[in-house]
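>>> Dropping a prediction and its sequence here:
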2 protein chains.
Amino acid sequence: MTKTLGVLLFDGFELLDVFGPLEMFSMLPDDFAIRLVSQQAPVVAANGGPRSMIDDHFADNRHYDILMVPGGMGTRREVGNDALLHWLATAAGRAEIVASVCTGSALLAKAGLLDGRKATTNKNAFDWVASQGPKVHWLRRARWVEDGKFITSSGVSAGTDMALALIARLCGIAQARQVARWAEYTWNEDGTDDPFALGSVD
Amino acid sequence: MTKTLGVLLFDGFELLDVFGPLEMFSMLPDDFAIRLVSQQAPVVAANGGPRSMIDDHFADNRHYDILMVPGGMGTRREVGNDALLHWLATAAGRAEIVASVCTGSALLAKAGLLDGRKATTNKNAFDWVASQGPKVHWLRRARWVEDGKFITSSGVSAGTDMALALIARLCGIAQARQVARWAEYTWNEDGTDDPFALGSVD
């Protein structure tokens, strides 16, 4: 059955956080239906300028089987956006899987969704993200981390590896490897293999 | 001086062909100004559904220092679009650098821009792309290929490696490596190192 994948967008999202994973999911259109969602704007601009048209708004109150939250400089603003955090908590509560890329985990943490869970985020904003969720067990050395229905990835490109791990979980490892081959993408299959960790504190 | 990077979009473009490279360029906003361009549509839909808002149309007749052409299923239709091929020949003639990702090289080839040059494309559509440019010297084993101002990459993810090679050419290797680190991206720095070649015929 096709799962609906909702991707939260906001001004200043990071391009590859969104479109790296979506490249992988888009190769399996029978399995994943992609929808971009924002608070209310019909058009949202990424870091660097490229703009995306939104499919859904918060007020549409849609159900997403998988909810994905990207990072980007916009997260610095959105951690103070109560309407967004409230929507996130509701949508995440209904979702089967909740994923974040890069500083997207700051939004999940600020909404209280990661309390008591293991999670990770990118290296360049690690301390800021960690400060948004003091009750989260933050892992500095991880390409991605799975804890129940939550899966959080490290910086930018790590989201693509995480997306393939999700495809492996939902569609099988052979399918995930096939998708990576179609995209001529060298998948880092091991979430604990983090080439960008500068020394583990875990 | 900031270079203007124009990215040709059409319905059915491949997400990562566009946004993998743009992630890398977007990290250097003083060096690269990104503009999305289409024939006339204000909104263009990628494979899988996500839609992009366009910044420029062909009729705007803008100058792009760097022109980038992605692949995707839409290229099967656009090789028969004379208006697009004509615009491409004109814009490429003015550009300092012309880049393609995946089946984007089919459009460059069909416009006659690659005649007598070395080029590559993705593995899954290789023979179809090659048939669009019988005077092109197509290389099956290459992550990307540079020939004068033309730089063509292999499938999907290869475009991101190619973009970093372009950043290295224009901004220096140290800057390119820094961008890859910021994106926590394991850059394949060697254009001849093609993990997806199934045996070279070159």
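Good, I have the coordinates. Numbers count the residues shown, from 1 in each chain, chains lettered A, B, ... in the order given.

>>> And the nearest residue to A:Trp87 once chain neighbours are set aside, how far from B:Gly148?
Leaving aside its chain neighbours, A:Trp87 sits nearest to A:Phe58 (4.6 Å; criterion: CB to CB, 6 or more residues apart in numbering or on different chains). (C-beta placed from N, C-alpha, C; glycine too.) Applying CB to CB, to the nearest Å, the value for A:Phe58 to B:Gly148 is 50 Å.

>>> Neighbour count: those two, which is higher?
More crowded of A:Phe58 and B:Gly148, by other CB atoms under 10 Å in any protein chain shown: A:Phe58, with 18 against 9.

>>> any weak-confidence spans in chain A?
Applying pLDDT under 70 to chain A flags residues A:198-202.

>>> those strands in it, which residues are they?
Using DSSP state E, the strands assigned to chain A run over residues A:3-8, A:32-38, A:43-45, A:51-53, A:56-57, A:66-69, A:97-100, A:118-119, A:137-138, A:144-147, A:150-153.

>>> Direction included, what does the second one pair against?
If I follow you right, that is strand A:32-38. Sheet pairing of strand A:32-38 (DSSP bridges) gives strand A:3-8 (parallel), strand A:56-57 (parallel).

>>> Between the ones you listed, which one is closest to B:Phe196.
strand A:3-8 (26.1 Å; CB to CB).

>>> got a list of contacts for the closest one?
The contact list for strand A:3-8, computed with CB atoms under 8 Å, 6 or more residues apart in numbering or on different chains, reads A:18, A:22, A:25, A:31-38, A:56, A:62-70, A:84, A:88, A:91, A:95-96, A:104, A:107, A:170.

>>> on that earlier part again, tell me the most buried of the strands paired with strand A:32-38?
strand A:3-8 (a mean of 23; mean count of other CB atoms under 10 Å in any protein chain shown).

>>> From the chain's centroid, how far away is it?
Strand A:3-8 sits 10 Å away from the centroid of its parent chain (CA atoms, centre = their mean, to the nearest Å).

>>> And for stretch A:71-87?
Worked out by CA atoms, centre = their mean, stretch A:71-87 lies 14 Å from the chain centre.

>>> returning to that earlier point: any quick ChimeraX command for the buried ones out of the contacts of strand A:3-8?
Of those, the buried ones can be selected in ChimeraX as follows, counting by 16 or more other CB atoms under 10 Å in any protein chain shown:
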select /A:18,22,25,32,33,34,35,36,37,38,56,64,65,66,67,68,69,70,84,88,91,95,104,107,170
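
>>> what's across from A:Lys5 in the sheet?
Small correction: residue A:5 is Leu, not Lys. A:Ile34, A:Ile66.

>>> and A:Val98, what are its bridge partners?
If you apply DSSP bridges, the partners that A:Val98 bridges to are A:Leu67, A:Phe150.

>>> Was I right to think it contacts A:Ile151?
Yes - contact criterion CB atoms under 8 Å: A:Val98 and A:Ile151 qualify, at 7.4 Å.

>>> Roughly how far does the most centrally placed residue in chain A sit from B:Arg117?
Closest to where the C-alpha atoms of chain A average out (CA atoms, centre = their mean) is A:Ser100, at 2.3 Å. Note on A:Ser100: its distance to B:Arg117, by CB to CB, is 43 Å.

>>> follow-up on the earlier one: now for the strands paired with strand A:32-38, which one comes closest to A:Leu164?
Ranking the strands paired with strand A:32-38 by distance to A:Leu164, with CB to CB as the measure, places strand A:3-8 first at 14.0 Å.

>>> Count residues in the vicinity of A:Asp11, would you?
A:Asp11 has 17 neighbouring residues, counting by other CB under 10 Å.

>>> That one and chain B, how far apart?
For A:Asp11, the distance to chain B equals 13 Å [CB to the nearest CB, to the nearest Å].

>>> Please list all residues in contact with the residue nearest to A:Trp87.
Shown in contact with A:Phe58 (CB under 8 Å, 6+ apart): A:37-40, A:83-84, A:87.

>>> Is it possible to get TSV of those that adds distance to B:Ala46?
Formatted as TSV, the contacts of A:Phe58 follow (distance: CB to CB, whole Å):
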residue	distance to B:Ala46
A:Val37	17
A:Ser38	17
A:Gln39	23
A:Gln40	23
A:Ala83	28
A:Leu84	25
A:Trp87	25
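
>>> Out of those residues, which is nearest to B:Val179?
Distances from B:Val179 to the contacts of A:Phe58, taken as CB to CB, are shortest for A:Ser38 (27.3 Å).

>>> which residue packs closest to A:Phe13, ignoring adjacent ones?
Among residues not flanking A:Phe13 along the chain, A:Gly72 sits closest, at 4.2 Å (CB to CB, 6+ apart).
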